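Colleague: no sequence on this one, just coordinates:
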């Protein structure tokens, strides 16, 4: 006989329902249609009329004659060169290409960002094959045994580490605040380097023995701030796949060196496909 759903599992189901709603949102991760680097000299890019360039650390968009593109924030047509300056890992919606400008095709939103020290744009459309066909993210069955006891060992000062990404042409950096050391369960004795948010919460990027089989190349899990004594619970049921599981137009940081668990973590999201 099937066991009744307890409070922990009910909370997990609610959490994952909200996660799936976020993925399927208008102009969300399922709506990416391109990823393009801005050229240094003014030049065209796909799907957006006009020219893009980078000058003195600032991105510049020059509109095309007769092809209205709107400023995303104001909604007004861009009639003169428009500039924006962002820092590493920042992103913002910058432009909106009305459907009429694209000959009746779907409206396009243009995201501007900086990744690996370079400006890029990502285009997004309301209707894409990924969004139209989305019916949720497969997961492993909820298992309370995958909430593992651990302790956080902070460094004297955060360390900046160079890391890879889903894109072979993009190198990123991570601020590593310390190590999470598992004190019990199947990962007992193993450790993962952790990034720490302003609220004290931790983010663990990791590989495990399910990757390339039932899960993508790596995943991550967010963990609430440790207790004063450093103790915490890492609930791998809340492990997430990165956007690269859904789109080739994502960047997505790779785990820091050594963040490899030598066990199969059969918990959390499996992902729609296993990308190498």
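Modeller: That came through, no problem. No experiment lies behind these values; they were computed from the predicted model shown.

Colleague: residue 195 reaches residue 180, doesn't it?
Modeller: No. Using C-beta atoms under 8 Å as the test, residue 195 is too far from residue 180 to be in contact (10.6 Å). (C-beta placed from N, C-alpha, C; glycine too.)

Colleague: ramachandran coordinates for residue 18?
Modeller: Residue 18 adopts backbone torsions of phi -70, psi -40, taken as degrees, to the nearest 10.

Colleague: ok, the one 3 residues further on next?
Modeller: Phi and psi for residue 21, reported as degrees, to the nearest 10, are phi -60, psi -40.

Colleague: so where's the stretch 151-276 of the chain shaky on pLDDT?
Modeller: Within the stretch 151-276 of the chain, the stretches with pLDDT under 70 are 273-276.

Colleague: which residue ranges form the helices in the stretch 101-250 of the chain?
Modeller: 129-133 (DSSP state H, counting those that start in this stretch).

Colleague: show me where it has strands.
Modeller: 108-115, 118-125, 147-163, 172-182, 191-196, 202-206, 219-223, 231-235, 240-241 (DSSP state E, counting those that start in this stretch).

Colleague: remind me what the second one packs against, helices and strands.
Modeller: Put plainly, it is strand 118-125. strand 32-37, strand 48-55, strand 108-115 (3 or more C-beta pairs under 8 Å, 6 or more residues apart in numbering; DSSP states H and E).

Colleague: and those strands: which comes nearest residue 259?
Modeller: With respect to residue 259, and counting by C-beta to C-beta, the nearest of the helices and strands packed on strand 118-125 is strand 108-115 at 20.5 Å.

Colleague: can you list the strands that that closest one pairs with?
Modeller: Strand 108-115 has the following sheet partners, assigned by DSSP bridges: strand 91-97 (antiparallel), strand 118-125 (antiparallel).

Colleague: what angle do the first one and strand 48-55 make?
Modeller: Okay, so that is strand 91-97. Our comparison of strand 91-97 with strand 48-55, counting by axes from the mean of the first three to the mean of the last three C-alpha atoms, to 10 degrees, yields an angle of 140 degrees.

Colleague: which residues are in contact with strand 91-97?
Modeller: Applying C-beta atoms under 8 Å, 6 or more residues apart in numbering, the contact partners of strand 91-97 are 27, 47-49, 59, 61, 69-73, 75, 78, 82, 84, 86, 107-114, 121.

Colleague: at 10 Å instead, please
Modeller: Contact with strand 91-97 is made by 27, 47-50, 52, 59, 61, 63, 67-73, 75, 77-78, 82, 84, 86, 105-115, 120-125, 251, as judged by C-beta atoms under 10 Å, 6 or more residues apart in numbering.

Colleague: list the buried residues in it.
Modeller: Residues of strand 91-97 classed as buried: 94-97 (neighbour count, 16 or more other C-beta atoms under 10 Å).

Colleague: let's have the strands of the stretch 101-250 of the chain in CSV, adding distance to residue 136.
Modeller: Formatted as CSV, the entries for the strands of the stretch 101-250 of the chain read as follows, by distance: least, C-beta to C-beta, whole Å:
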stretch, distance to residue 136
strand 108-115, 24
strand 118-125, 21
strand 147-163, 23
strand 172-182, 29
strand 191-196, 28
strand 202-206, 23
strand 219-223, 17
strand 231-235, 20
strand 240-241, 12
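
Colleague: what about the ones you listed, which gets the closest to residue 266?
Modeller: Comparison of the strands of the stretch 101-250 of the chain against residue 266 by C-beta to C-beta identifies strand 219-223 as nearest, at 11.9 Å.

Colleague: pull out the buried residues from that closest one.
Modeller: 219-221, 223.

Colleague: what is the nearest of those to residue 171?
Modeller: Looking at the buried residues of strand 219-223 and their distance to residue 171, the nearest is residue 220, at 18.3 Å (C-beta to C-beta).
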